[in-house]
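In: predicted model, plus sequence, below.
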Amino acid sequence: MYFLNDEAQVIFEDDFWPVNSSSWRSNKSPLRPNYIWQMESGKFYVAKGVPSEWKPGAVTAKVTDIEFAAE
């Protein structure tokens, strides 16, 4: 996750693994093909250390690694 300021410059980044089997999710199984995962309503991922210069809502994400389970 890349956090941007008012000038759309990256000022902070944080790693996030929302769907792997060792993440903090209550269901530890891998995400199956065509399945969708989302956090519970009203709950949000919290990044620690985001500077006050961050423009709220200005975040981009980049998938840097993907692994498929053997069938």
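Out: Looks like it arrived, so ask away.
In: which residues touch the helix or strand of the chain with the lowest mean pLDDT?
Out: In the chain, the helix or strand scored least confidently by mean pLDDT, DSSP states H and E is strand 59-60, which has a mean of 94. Applying CB atoms under 8 Å, 6 or more residues apart in numbering, the external contacts of strand 59-60 come out as 1-4. Any C-beta I mention is one placed from the backbone N, CA and C, and that applies to glycine too.
In: give me the ChimeraX select line for those residues, limited to the buried ones.
Out: Listed next is the ChimeraX selection for buried residues among those, using 16 or more other CB atoms under 10 Å:
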select :3,4
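In: pick the one among the contacts of strand 59-60 closest to P51.
Out: F3 (7.8 Å; CB to CB).
In: now the closest one. Nearest residue, chain neighbours left out?
Out: Among residues not flanking F3 along the chain, F12 sits closest, at 4.3 Å (CB to CB, 6 or more residues apart in numbering).
In: equivalent analysis for M39, please.
Out: Computed as CB to CB, 6+ apart, the closest residue to M39 that is not its neighbour in sequence is Y45, at 7.0 Å.
In: measure the spatially most central residue of the chain to Y45 for me?
Out: Nearest to the mean C-alpha position of the chain, counting by CA atoms, centre = their mean, stands F16 at 4.0 Å. Computed as CB to CB, to the nearest Å, the F16 to Y45 distance reads 6 Å.
In: repeat that for W54.
Out: Note on W54: its distance to Y45, by CB to CB, is 14 Å.
In: those two: which is more packed in?
Out: The neighbour comparison of W54 against Y45 (other CB atoms under 10 Å) goes to W54, with 16 against 10.
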